[in-house]
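J.: test case, fold it:
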Amino acid sequence: MRSASGIGIAILVIGLVILLATGSSGTVLGLDADRFANLIYASALLVVFGSAFLWRGQLSGVVRGLGLWFLIILVLVAGYQYRYELQDIASRVTAGLVPGSPLSVTDAQGRKSVILEKLPNGHFEARMLVDDASLAMVVDTGATSTVLTHRDAVAAGIDVERLRYSVPIATANGMAMAASATAGAIAIGDIIRRDIPLLVAADGTLGQSLLGMNVISTLSGFEIRGDRMILRD
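T.: Numbers count the residues shown, from 1 in each chain. This is a model prediction of the structure:
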């Protein structure tokens, strides 16, 4: 009975972690979040109740074990029902520990927003994913295009050797040359944009990658409140 309880608890905990990681729009094994959650609960219950019928111990032990299981399931069901709030708490903790980490928030209508804190240097910087590469990029509303440094482009898997650096761009060090490329996906927190055209600066000509208006303009809106920038999907 104890080994079965351990297996059941492991199933529930792993399932809940997967659900929190995939978010509200994610799918697991081809199933939507609610169906996957039901599958996890049913599997855990099958393990525990099946072992209870086969177990030959005292009846009181079985009753106590089942009572404990009902309590565990109640807690985990509550955790799943409040998964959006738990995701927000996790994002807030990460944003406070890692400078530039976006704080993702989902409201009651399912609309997503991302909050960025101003850094001590006065810029809004976001750590985002560009084709699964984690890059720190400065939000530049004065830049028409999103521009990656040569190093960040390599990290994102762009074949920089095949690029043609024929596009002039203005940098803090003056004019430089850049090349056109495309990112399969750019993710700022929970906000994702796909097939995004961007520029790659020639090696050594740009100090930090820039998130430009070609991405920001796809949002429903953005605003700056004091030391916070709010991006709305």
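J.: drop to CA atoms for contacts and neighbour counts, all remaining ones
T.: Will do.
J.: Gly110: neighbour count?
T.: Here the number of neighbours of Gly110 (other C-alpha atoms under 10 Å) works out to 11.
J.: check the one 3 residues further on too.
T.: Number of residues near Ser113 (other C-alpha under 10 Å) recorded here: 23.
J.: what's the answer for Ala202, then?
T.: Using other C-alpha under 10 Å: Ala202 sits among 21 other residues.
J.: residues touching the closest residue to Met177 other than its chain neighbours, list them.
T.: With sequence-adjacent residues excluded and distances taken as C-alpha to C-alpha, 6 or more residues apart in numbering, Met177 is closest to Pro168, at 4.6 Å. Residues near Pro168 by C-alpha atoms under 8 Å, 6 or more residues apart in numbering: Met175, Ala176, Met177, Ala178.
J.: break the chain down into its domains, please.
T.: Residue ranges for the domains of the chain, per automatic domain parsing: 2-81, 100-232.
J.: which of those domains comes out lowest on mean pLDDT?
T.: Of all those, the minimum mean pLDDT falls on domain 2-81 (a mean of 55).
J.: show me what counts as buried in stretch 111-130.
T.: Within stretch 111-130, the residues that count as buried by 16 or more other C-alpha atoms under 10 Å are 112-118, 124-130.
J.: what's the answer for stretch 167-183, then?
T.: Within stretch 167-183, the residues scored as buried using 16+ other C-alpha under 10 Å are Ile169, Ala176, Met177, Ala178, Ala179, Ala181, Ala183.
J.: with stretch 136-150 instead?
T.: 136-141, 144-150.
J.: check what pLDDT Ile89 gets.
T.: Reading off the model, Ile89 has pLDDT 56.
J.: paired strands for the top strand by length along the chain, with orientation please.
T.: The residue-count maximum for a strand in the chain (DSSP state E) belongs to strand 174-188. Applying DSSP bridges to the sheet, strand 174-188 is found paired with strand 125-130 (antiparallel), strand 167-171 (antiparallel), strand 191-201 (antiparallel).
J.: export those to TSV and tack on distance to Met213?
T.: Shown next, in TSV, are the strands paired with strand 174-188 (distance: least, C-alpha to C-alpha, whole Å):
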stretch	distance to Met213
strand 125-130	14
strand 167-171	15
strand 191-201	11
